[in-house]
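Visitor: based on what follows, work out the 3D shape:
(chains A, B, C and D)
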4 protein chains.
Amino acid sequence: MPDASPTKWHLAHTSWFFETFVLAGAPGERPPRPDYAHVFNSYYEGVGPRIARDRRGVLSRPSHDEVRAYRREIDDRVVAALDEGRLSPERLTLVELGLNHEEQHQELVLTDIKHGLHANPLRPSYRAAEPGAREDTASIAALTWAHFDEHIAWIGSARGFSFDNERPRHRVLLTGFQLATRLVTAGEYLAFMADGGYRRPELWLSDGWATVRACDWRAPLYWDQPDHGDGGWHIYTLRGARPVDPREPVCHLSHYEADAYARWAGARLPTEFEWEVAAAHRASDGALLESDALHPRPAPDRAAPGPAQMFGDCWEWTQSAYGPYPGFCPEEGTVGEYNGKFMSGQVVLRGGSCATPARHIRATYRNFFPPAARWQFSGVRLARDAR
Amino acid sequence: MPDASPTKWHLAHTSWFFETFVLAGAPGERPPRPDYAHVFNSYYEGVGPRIARDRRGVLSRPSHDEVRAYRREIDDRVVAALDEGRLSPERLTLVELGLNHEEQHQELVLTDIKHGLHANPLRPSYRAAEPGAREDTASIAALTWAHFDEHIAWIGSARGFSFDNERPRHRVLLTGFQLATRLVTAGEYLAFMADGGYRRPELWLSDGWATVRACDWRAPLYWDQPDHGDGGWHIYTLRGARPVDPREPVCHLSHYEADAYARWAGARLPTEFEWEVAAAHRASDGALLESDALHPRPAPDRAAPGPAQMFGDCWEWTQSAYGPYPGFCPEEGTVGEYNGKFMSGQVVLRGGSCATPARHIRATYRNFFPPAARWQFSGVRLARDAR
Amino acid sequence: MPDASPTKWHLAHTSWFFETFVLAGAPGERPPRPDYAHVFNSYYEGVGPRIARDRRGVLSRPSHDEVRAYRREIDDRVVAALDEGRLSPERLTLVELGLNHEEQHQELVLTDIKHGLHANPLRPSYRAAEPGAREDTASIAALTWAHFDEHIAWIGSARGFSFDNERPRHRVLLTGFQLATRLVTAGEYLAFMADGGYRRPELWLSDGWATVRACDWRAPLYWDQPDHGDGGWHIYTLRGARPVDPREPVCHLSHYEADAYARWAGARLPTEFEWEVAAAHRASDGALLESDALHPRPAPDRAAPGPAQMFGDCWEWTQSAYGPYPGFCPEEGTVGEYNGKFMSGQVVLRGGSCATPARHIRATYRNFFPPAARWQFSGVRLARDAR
Amino acid sequence: MPDASPTKWHLAHTSWFFETFVLAGAPGERPPRPDYAHVFNSYYEGVGPRIARDRRGVLSRPSHDEVRAYRREIDDRVVAALDEGRLSPERLTLVELGLNHEEQHQELVLTDIKHGLHANPLRPSYRAAEPGAREDTASIAALTWAHFDEHIAWIGSARGFSFDNERPRHRVLLTGFQLATRLVTAGEYLAFMADGGYRRPELWLSDGWATVRACDWRAPLYWDQPDHGDGGWHIYTLRGARPVDPREPVCHLSHYEADAYARWAGARLPTEFEWEVAAAHRASDGALLESDALHPRPAPDRAAPGPAQMFGDCWEWTQSAYGPYPGFCPEEGTVGEYNGKFMSGQVVLRGGSCATPARHIRATYRNFFPPAARWQFSGVRLARDAR
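Guide: Reported below is the predicted structural model:
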């Protein structure tokens, strides 16, 4: 899979970020491994050449042990520089950016491992299956809608750490809308599939339909139908394969599938602004990385006031193309390549997933992937116009 | 070129549109050539199978004469149905849509012919070169900026014919901005090239830089440097090849190039809303198809009040991804595939070109192409935040 | 289809050959259209740049009439140069080569037209169907074998015109073998298909099986199964589509299919030397271009002594990779690119087809195509080791 | 590199061969890991599905330790079955085939590791550089020719282990020829490069020239020109990078390059039969795997009688397409896929390399690779017609 990288690469790359942007050139520092830049640079054109992502798998050297030693070395140097007060304010800012950058790769490590283990015909699990029986008989709350009137909303980050793509905070005029109070479930998605969802071009964006046919998609990623007599769908998770639970959120969808499902359901995807307004005053908790759920959890069986499952579980595809906010200003220097240069051909997702560190997520956070990407924990929440 | 089609195909396809959507099933009508649907359907999945666009060139049959006869037959039938009042209000609406559809193909015929003649090593001209000397000594007005304060603007079409993607008319909150009063010129673009524009990754969107390298772009489409001793750039036009005129608008750029140029110039591309606000109360005239210019004209030598060259000359790339307006509702039935299903991966252009029929263009008109497309008459106008 | 060219291109290319290799540089000659070299050069690297084969379809200019005028001009000049004795012996040799080259393109014009018309959903015919009923009840002679003992054979051309790849005449030691006395029929091939021929990897060369799967081959080119209730196979010919006649030779096979069929039948393909030995003393007649059959004819109903259908009907795939004979010496100069540089990755076919001019074919003639090619009239004759 | 596999895969695959073809179904045997078949089957269609070669790199499981344990398990079982006399004669034959199969993979392990380490920008070495100075001043013997008159030769294996593709032994009529008494050197190849070898289409086969341009080849694989001031060529070896030694055999050439060099040198590649005749009565010794040279050695400085360097150093490209001998009969059953199904699109190499185990090579041995392959130790020996 050209989008995925080996764990070893992620480990070294996140330390390389500190070596390159925090330590290099700081008083009293000499980069320990300048030769690693070529290998562990991800996409910073300003830093020099790099190895193509789809060739990262061939890196038999440095070994895992060498990478671990490199990480310790860089960590020690950063801590020493901090302790000794040797870092300028600009570099201190980059330490914070480096930590947030590493949190992003914590999520990618999990999604890439999941993809790699699934590609292995032996289908090994990352973790043992959860002990104890699943309460399959419990029901979940029916889908209801939260209402929002037309108004002018503040969008974007005002205080605390944020990426440049969340700024500047600005006003947006929002037409009245409604937002579903929970994620779309696997059971609801099965009804879409049973209704010919993957065979009806009128439900799809043109690029989406072309992708469905070229890739022969018939179900979400990680779903298959082993020949068990009952013909039911199974899902591969980080805890192994098991039958699909109709109550769990449907996950590992592309934007195209999320959009087609919404059209089939007589609704649409929310804009990223609608999502942010609904999330603005809610605690960013839920099934995040620290929960050790490693998979989206079923919706609660009782509807709470206001939208649930906003943070964690699944990233939620919006209908918003990823672009700059009015007055957007990239970070200075090479780290300015971090976000702005990807503002073409990508779609915004909001809310975090079961692989997102809790301290990483917030209501203004903008994730983005190409519309055909499916290997992230990406699901769907419906929206519709006010009526 | 997979995006271009032969003229014969355009001629038959536009009549097929009338046969399929206006005549078929109307009282007293029997489609004269139902077998043509497979050949001349462009992308309507709801109508049945179709021939792939990149294979349209192999259609040695029907002959050009047969296509002309087919057009006459369909024209006669539509006129008769109109004269005899046999068309329902729904079908009358589709007659208007069919006329606007044909106007779009009038432009495509010219851009496709231009591409095909240029691909021919003999480099034939479509028209003879203009007689008379060019006034190369005349200068053009310096670039100035029109100012717009923050305000809530009405966007979209309220009356007259419009495509579904221009509706509904709705309000948008616009931050203060400035818009250049003319298009970027070839002379200005030459300065970008001379400054290493095509060799500096920091100026480009990530997808754009990948495209520049994969396609080895070093100049706009249709520019080359024949070995004439002086090393100057030449441009291929529908009237043949000639030296680039530094005063003419730079044209046949991709969105990526327009965006990179704007970044280099310390500016940005306008949003489609900013463009529409600036164009709202201006007459939609300029170097359009009826002018027979067949190429964008140099900017006037004297600055007029407000933005010039807004209509005609070149389509203007915006920074807006092509998406639905709040409350967007596609046309009913198969013609609903016309616009909505392309709202992914495309970028909005505004304003029309020298190949656009005059009655086809308006301030609310939204054209769209993938960001790498260059064979349309596409240029660039700068914008920047209010300061 | 990247291997096919428009008729107009063939017409101009064969005259370009005379202009370039016979006239250019001859006393008193000035090439009338040196600009055509770029457009109508097929693959002669030594002559300069050329247009890629898969882009020949875009050549809207020169027009058909201009090409015809060009042909007349070149023809007149060659005839005049011949009449006036202005051509050197070397150039006279190239006149003969040019005539043989044009004969090759006579065949390609037909196979390319057939491919182009078949790609058209309207499925136009090249010629009207043959009048009169087909004698479908007649049977054909059973397949018998001609026996050849081990011996040393002379292979290659000794006198008369020949291409350089047929020379030098040399001796080859042949192990005893048997050769089928007629071509494999469509009826026999249907039995292979019914026996799972296209679904059994053990019957196929590795590259062949990969091609079958990648291209989803299930039958010879130009065969399909329209939904006529009976489920029978139909074949598209230059005279239109009709049911497959089980007595006709199976045709438009790739080398891979010919090889798999032979393995299924417990036989093998002949080497090109075995074929030449069997053909050496037979008249090169049969269903060639002049017969106007435009399609391979069914085998005779009565076995003749020795192999039948050796010339015409179908080119016969051999098991021989196309390579140089011992002592092979390409023609001098640029025309030396004619044959030798293709001696890699291609397979030899022998015997000519219904599209081959009669004066073009002979027992020593070596045709060659890549093993996956199917658009030529290519069939199969079985061989086996002496027993 | 889609042709290369990880070492772990090679280790497991060679044991899987014993499990599948020797142990499976033998009395008293139960395959320990039937689930490994999907993962470690290389290309045996008859055994069931398999993982694509270019995805073998993603197999993070089983771990290296698990694979080693699997190898021990299989080895122990095979030894026990041998000791206890439980293997049928057919299975005993497959033990011998399995050993020869493993010897082939010993070579592939080295060539794949070399490719993988070279793809790593850190350019790690497989072994430390050889201690001691190179005797760069020593000269090598001038190239001379061994002469062979026209005669009928016996070709193929008569006794001892051989692969099915070396059988049956049969007679071939050989025209008189000459064979170079040593391999082409790097120094000679540098002269070809300096003479524009990679820029002159007339020297190349058509497919070769297309490959040169598509891959931008300018030198053998593993050669580059680091900016050391002198501009000389360096070579990457399993013992690290160093300057090219003009006396060493040129290596890691494609068939296309070997063929182009031969044409430039006024010679040609030998047929595989010519090579076998010259090697027939010579000891199969030389710089083979056991020498631990890990790289082809320079030719001796003194010419010996008859051809030198025939075994070891480099595999030698012939001009022979890989095909069946007259009367060829594949092994029975699934192991019959071993050789026969690759007899299309490949070229024969002879003689073994510095990575070939000594007991694996013999005069009748036929290696084969596609003509564009360069990652094997493949060099060139010239031949020419008798004069």
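
Visitor: quick one: low-confidence parts of chain A?
Guide: Scanning chain A for pLDDT under 70 picks out A:131-138, A:228-230.

Visitor: show me what contacts the residue of the stretch 251-387 of chain A found nearest chain D?
Guide: In the stretch 251-387 of chain A, the residue that lies nearest chain D is A:W375 (12.9 Å; Cβ to the nearest Cβ). Where you see a C-beta, it was placed from the backbone N, CA and C, and this is true even at glycine. By Cβ atoms under 8 Å, 6 or more residues apart in numbering or on different chains, the contact set of A:W375 is A:1, A:3-4, A:111-112, A:114-115, A:221, A:252.

Visitor: mind putting the residues you listed in a markdown table, neighbour count and distance to A:E130 included?
Guide: Shown next, in a markdown table, are the contacts of A:W375 (neighbours: other Cβ atoms under 10 Å in any protein chain shown; distance: Cβ to Cβ, whole Å):
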| residue | neighbour count | distance to A:E130 |
| --- | --- | --- |
| A:M1 | 15 | 27 |
| A:D3 | 16 | 28 |
| A:A4 | 22 | 25 |
| A:T111 | 19 | 20 |
| A:D112 | 20 | 22 |
| A:K114 | 24 | 16 |
| A:H115 | 19 | 21 |
| A:L221 | 20 | 21 |
| A:H252 | 24 | 19 |
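
Visitor: ok, whichever residue of the stretch 251-387 of chain A sits closest to chain C - contacts?
Guide: Closest to chain C within the stretch 251-387 of chain A is A:A372: 22.0 Å, counting by Cβ to the nearest Cβ. If you count contacts by Cβ under 8 Å, 6+ apart, A:A372 has them with A:207, A:211, A:254-256.

Visitor: among those residues, which ones are in helices?
Guide: If you go by DSSP state H, these have A:207, A:211, A:255-256 in helices.

Visitor: out of those residues, which is most surrounded?
Guide: A:H255 (27 neighbours; other Cβ atoms under 10 Å in any protein chain shown).

Visitor: which SS class is A:W154?
Guide: Here A:W154 is strand, with the state taken from DSSP: H, G, I helix; E, B strand; the rest coil.

Visitor: bridging residues for it?
Guide: Counting by DSSP bridges, A:W154 forms beta bridges with A:R171.

Visitor: next up, the contacts around it.
Guide: Neighbouring residues of A:W154 by Cβ under 8 Å, 6+ apart: A:169-171.

Visitor: tell me the gap between stretch A:339-358 and the middle of its chain.
Guide: 6 Å (Cα atoms, centre = their mean, to the nearest Å).

Visitor: what's the span of that stretch, first residue to last?
Guide: Stretch A:339-358 has an end-to-end distance of 21 Å (Cα to Cα, to the nearest Å).

Visitor: can you show me the helices along chain A?
Guide: A:7-18, A:36-40, A:64-83, A:89-119, A:186-194, A:206-215, A:255-264, A:272-279.

Visitor: as JSON lines, the ones you listed with distance to chain B would be great.
Guide: Shown next, in JSON lines, are the helices of chain A (distance: least, Cβ to the nearest Cβ, whole Å):
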{"stretch": "helix A:7-18", "distance to chain B": "17"}
{"stretch": "helix A:36-40", "distance to chain B": "16"}
{"stretch": "helix A:64-83", "distance to chain B": "26"}
{"stretch": "helix A:89-119", "distance to chain B": "16"}
{"stretch": "helix A:186-194", "distance to chain B": "18"}
{"stretch": "helix A:206-215", "distance to chain B": "4"}
{"stretch": "helix A:255-264", "distance to chain B": "8"}
{"stretch": "helix A:272-279", "distance to chain B": "10"}
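
Visitor: out of those helices, which comes closest to C:R242?
Guide: Comparing these against C:R242 with Cβ to Cβ, the closest turns out to be helix A:206-215 (32.2 Å).

Visitor: what angle do helix A:255-264 and that closest one make with each other?
Guide: Helix A:206-215 and helix A:255-264 are oriented at 120 degrees to each other (axes from the mean of the first three to the mean of the last three Cα atoms, to 10 degrees).

Visitor: can you give the contact residues for helix A:206-215?
Guide: With Cβ under 8 Å, 6+ apart as the test, helix A:206-215 has contacts from A:198, A:201, A:204, A:217, A:254-257, A:259-260, A:371-372, B:43, B:45, B:341-342, B:344-345.

Visitor: restricted to buried residues, select the residues you listed in ChimeraX.
Guide: Those of these that count as buried under 16 or more other Cβ atoms under 10 Å in any protein chain shown are selected in ChimeraX with:
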select /A:198,201,204,217,254,255,256,257,259,260,371,372 /B:45,341,342,344,345
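
Visitor: what about whichever residue of chain A sits closest to chain B, how many residues nearby?
Guide: Relative to chain B, the nearest point of chain A is A:A321 (3.2 Å; Cβ to the nearest Cβ). With neighbours defined by other Cβ under 10 Å, the count for A:A321 comes to 23.

Visitor: A:G196 now?
Guide: Counted with other Cβ under 10 Å, residues neighbouring A:G196 total 10.

Visitor: A:I361 now?
Guide: When neighbours are counted by other Cβ under 10 Å, A:I361 registers 25.

Visitor: follow-up on the earlier one: D:R77 is nearest to which of the helices of chain A?
Guide: Nearest of those to D:R77, taken as Cβ to Cβ: helix A:89-119 at 28.7 Å.

Visitor: how distant is that closest one from the center of its chain?
Guide: 11 Å.

Visitor: can you check stretch A:256-270 too?
Guide: For stretch A:256-270, the distance to the chain centre is 19 Å (Cα atoms, centre = their mean).
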